[in-house]
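> Build me a structure from this.
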Amino acid sequence: MYLHLGSNVTVPSDDIVGIFDLDNCSSSRITLQFLRAAEEEGMVFSVGEELPKSVVVCCPEGSWQRVYLSPLNVTTLVRRIESGLYEEEGE
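Numbers count the residues shown, from 1 in each chain. Here you go, the predicted model:
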């Protein structure tokens, strides 16, 4: 199953480690260090051109972690997961 993050970007739901509110997590020094390090390593991907509202951390099996900055808020993303409003593979 895949979760749609916005702007035609989907990620496998099994790869998701966490979904975080950008406003809340950006006030933490440790989180800012994590995001800065991930960006320096080329692991941060912006979803669309809108102002990001959430951070989705993924760790695909056999690959490096990926951090997505999504314009969708945490509540929307969590609702999609909980209600099954995500895509099957190949859709």
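> ok, and what's touching stretch 24-39?
By CB atoms under 8 Å, 6 or more residues apart in numbering, the residues outside stretch 24-39 that reach it are Phe20, Val44, Val55, Gln65, Val67. In short, each C-beta sits where N, CA and C put it, glycine included.
> Could you pick out the buried ones from the residues you listed?
Burial by neighbour count, 16 or more other CB atoms under 10 Å: within those this picks out Phe20, Val44, Val55, Val67.
> quick check, nearest of these to Thr10?
Nearest to Thr10 among those, counting by CB to CB, is Val67 at 15.6 Å.
> picking up where we left off before, Serialize the buried ones among the contacts of stretch 24-39 to a markdown table and add fields for secondary structure and pLDDT.
Shown next, in a markdown table, are the buried ones among the contacts of stretch 24-39 (DSSP: H, G, I helix; E, B strand; the rest coil; pLDDT from 0 to 100):
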| residue | secondary structure | pLDDT |
| --- | --- | --- |
| Phe20 | strand | 95 |
| Val44 | strand | 97 |
| Val55 | strand | 97 |
| Val67 | strand | 97 |
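> just to revisit the earlier point, TSV for the contacts of stretch 24-39, including distance to Ala37?
What follows is the contacts of stretch 24-39, written out as TSV (distance: CB to CB, whole Å):
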residue	distance to Ala37
Phe20	16
Val44	10
Val55	13
Gln65	11
Val67	10
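> What segments of the protein are strands?
Using DSSP state E, the strands assigned to the chain run over residues 2-6, 9-12, 16-21, 44-46, 54-58, 66-70.
> Can you add distance to Ala38 and give those back as CSV?
Listed next are these as CSV, based on distance: least, CB to CB, whole Å:
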stretch, distance to Ala38
strand 2-6, 16
strand 9-12, 15
strand 16-21, 12
strand 44-46, 5
strand 54-58, 9
strand 66-70, 5
